[in-house]
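In: sequence below, structure please.
(one chain, ligands or ions: 1)
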Amino acid sequence: MPHLRPFVSAVVRPIPITTRAERMREMDLAGHNPFNLPADKVSIDLLSDSGTGAVSIDQQAWAQRADERYAGAESFYRYRDAVREIVPFEHVLPVHQGRAAERVLFGALLGEGAISLSNTHFDTTRANVELRGAEARDLPCPEAADLDSDFPFKGNIDVAEVERILSGPERERVGQILVTVTNNGFGGQPVSMANLEAVSEVARAHGVPLILDAARFAENAWLVTRREQGYQDWTPSEVARRAFEFADGAVASLKKDGLSPEGAFIAVRDGRVADRCEVDIIATEGFRTYGGLTGHTLEQLAVGLREVVDPNYLADRENEAAYLAARANQAGVDTVQPSGLHAIYLNAGRLLPHLSPSQFPGHALASALYREGGIRAAELGSLYLGSLDENNELVSPAPFELIRLALPRRVYDHSHLEYVGEVLADIAKDPGAVPGYRITHAPKVLRHFRCRAEPIEG
Ligand SMILES: Cc1ncc(COP(=O)(O)O)c(C=O)c1O
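Out: I've put the predicted structure just below:
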């Protein structure tokens, strides 16, 4: 049966149609950093899938019934029950977004000098570990290094390496194992249930808490039903619940799979950890039954958490991602294989071999997409992951020069994605014309959000 989108637009937002000259001027003003562009100068915004989705009519309707009382509001209980349908932990605490959840939970689990082991720490996650004076160590599985292979679970953590570290002298410093599902920092690749089970056994054997960074728990669950032996007949919510059962705690930005513009949760089994988090939340976010969120948002989240595990919705999401990947591949641009759900990762290093990593090919391709088509995307290469010296020269490059085209949920249709494919095809016809970049200003922390750059002429 052909694929049918399971929703239509009920309210629409016009998008700006700009000229190349306008876009050149905007990029100059933005210091050639797409994060600095005003959104009303961006036609197709693939910078992030976070908080950028469309809400449903049911989310709107329930939001009208919000209970905004300070403590114990009905909206909180509806949110908490929806989280608990998937996350089988006693303690559920709302916070305003994922990085607040990270800051609060890591405050309870990581001291100065501690180590956090992960398949890959997302950028804010890494920053929150490091701001505690702890070390964020990434241990992606070896299969992740081959961008072109069709290994289905490149998001897995390297369990043998985790075991080796926990059996050695560093054991006492390891404060948590954090598995990011799906692995946003590494191609949006999913984590298998077998991998979660294996790492949870190692974590329990060594008494280290296993935490899920579960921003895309439903998308990971969907890919498990599609790719992992034994789960074909499970529903996405059954898989998600099973995944959380392997863990001791979770943080989740609900700006992704909560289908909401804001919100997150911290969920833990251990009452003492919950207690420490609660004190921090009351002091910095809000009372424990709202955590900085309005009742309006809590209601939207309660509905969104149920809509996101609908197999028809997830099948549509897979269809969109596959469509965009196919358009990019037809344009002659390689993508990280196999494609996940929330984004397509383009191999900019391979498309622009005339640019060395020190000329930031990922940034160059992202800039070309904006210049030529008003499309905004995020670099995930040496600008994001490499290290620079005091003159802003690259001293150690990232392993790959990628850019991420993130797909906002329920927003763009095939005609928008086809347009992206056409702009990519135009760039790919003459890749040698794409200039490299030099960095003119590079803050030490969270550089890619705040840096400025300029094209290298000639
Ligand atoms: C895997 C992962 N963890 C944490 C975060 C941070 O969440 P938030 O943007 O809600 O602070 C993100 C955001 O993109 C993410 O992708």
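In: show me what the helix ranked longest in the chain is packed up against.
Out: In the chain, with assignment by DSSP state H, the single longest helix is helix 311-330. On a contact count with 3 or more Cβ pairs under 8 Å, 6 or more residues apart in numbering; DSSP states H and E, helix 311-330 meets helix 217-227, strand 343-347, helix 414-429. In short, each C-beta sits where N, CA and C put it, glycine included.
In: tell me the average confidence for that helix?
Out: The average pLDDT for helix 311-330 rounds to 97.
In: tell me the contacts of the closest residue to the ligand within the chain?
Out: Nearest to the ligand, among the residues of the chain, is Gly98, at 2.4 Å (Cβ to the nearest ligand atom). Residues counted as contacts of Gly98 (Cβ atoms under 8 Å, 6 or more residues apart in numbering) are Thr124, Asp213, Ala215, Val251, Ala252, Ser253, Leu254, Lys255, Ala264.
In: returning to that earlier point: taking the helices and strands packed on helix 311-330 together, which one is wrapped up most tightly?
Out: Most buried of the helices and strands packed on helix 311-330 by mean neighbour count (mean count of other Cβ atoms under 10 Å) is strand 343-347; its value is a mean of 28.
In: need the contact partners of the helix or strand following it.
Out: For strand 343-347, the succeeding helix or strand toward the C-terminus, using DSSP states H and E, is helix 348-351. Defining contact as Cβ under 8 Å, 6+ apart, one finds that helix 348-351 is touched by 332-334, 357, 361-362, 364-366, 379, 381, 400-403, 427-428, 431.
In: that older thread, buried only: go through the contacts of Gly98 for me.
Out: Thr124, Asp213, Ala215, Val251, Ala252, Ser253, Leu254, Lys255, Ala264 (16 or more other Cβ atoms under 10 Å).
In: can I get the helices and strands packed on helix 311-330 in CSV with distance to Gln64 and mean pLDDT?
Out: Shown next, in CSV, are the helices and strands packed on helix 311-330 (distance: least, Cβ to Cβ, whole Å; pLDDT from 0 to 100):
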stretch, distance to Gln64, mean pLDDT
helix 217-227, 25, 98
strand 343-347, 32, 97
helix 414-429, 30, 97
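In: the strands in the stretch 101-250 of the chain, which residues?
Out: In the stretch 101-250 of the chain, the strands defined using DSSP state E, counting those that start in this stretch lie at 115-118, 135-138, 174-180, 210-213, 249-253.
In: helices and strands around the lowest-mean-pLDDT helix or strand in the chain, which ones?
Out: Least confident helix or strand of the chain, by mean pLDDT, DSSP states H and E, is helix 447-450 with a mean of 84. With contacts taken as 3+ Cβ pairs under 8 Å, 6+ apart, helix 447-450 sits against helix 382-385.
In: put the alpha carbons of the helix it packs on into CSV.
Out: Extracted C-alpha coordinates of helix 382-385, given in CSV (Å, rounded to 0.1, in the frame of the first residue of the first chain):
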residue,chain,number,x,y,z
SER,A,382,35.8,20.4,12.9
LEU,A,383,34.1,23.7,13.8
TYR,A,384,32.0,21.8,16.3
LEU,A,385,34.4,19.0,17.4
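In: mean confidence for it?
Out: 91.
In: how about the residues of this structure near the ligand?
Out: Proximity of the chain to the ligand, by Cβ under 6 Å from any ligand atom, involves residues 50, 97-99, 122, 124-125, 180, 184, 213, 215, 253, 255, 264.
In: pick out the most distant pair among those.
Out: For the residues of the chain next to the ligand, the maximum inter-member distance is 15.8 Å, found between Gln97 and Thr180 (Cβ to Cβ).
In: quick one: residues contacting the residue nearest in space to the middle of the chain.
Out: The structure's the chain has its C-alpha centroid closest to Asn184; by Cα atoms, centre = their mean the separation is 4.3 Å. Contacts for Asn184 (Cβ under 8 Å, 6+ apart) come out as Thr120, Phe122, Ala215, Arg216, His342, Ala343.
In: I appreciate the help and will end here.
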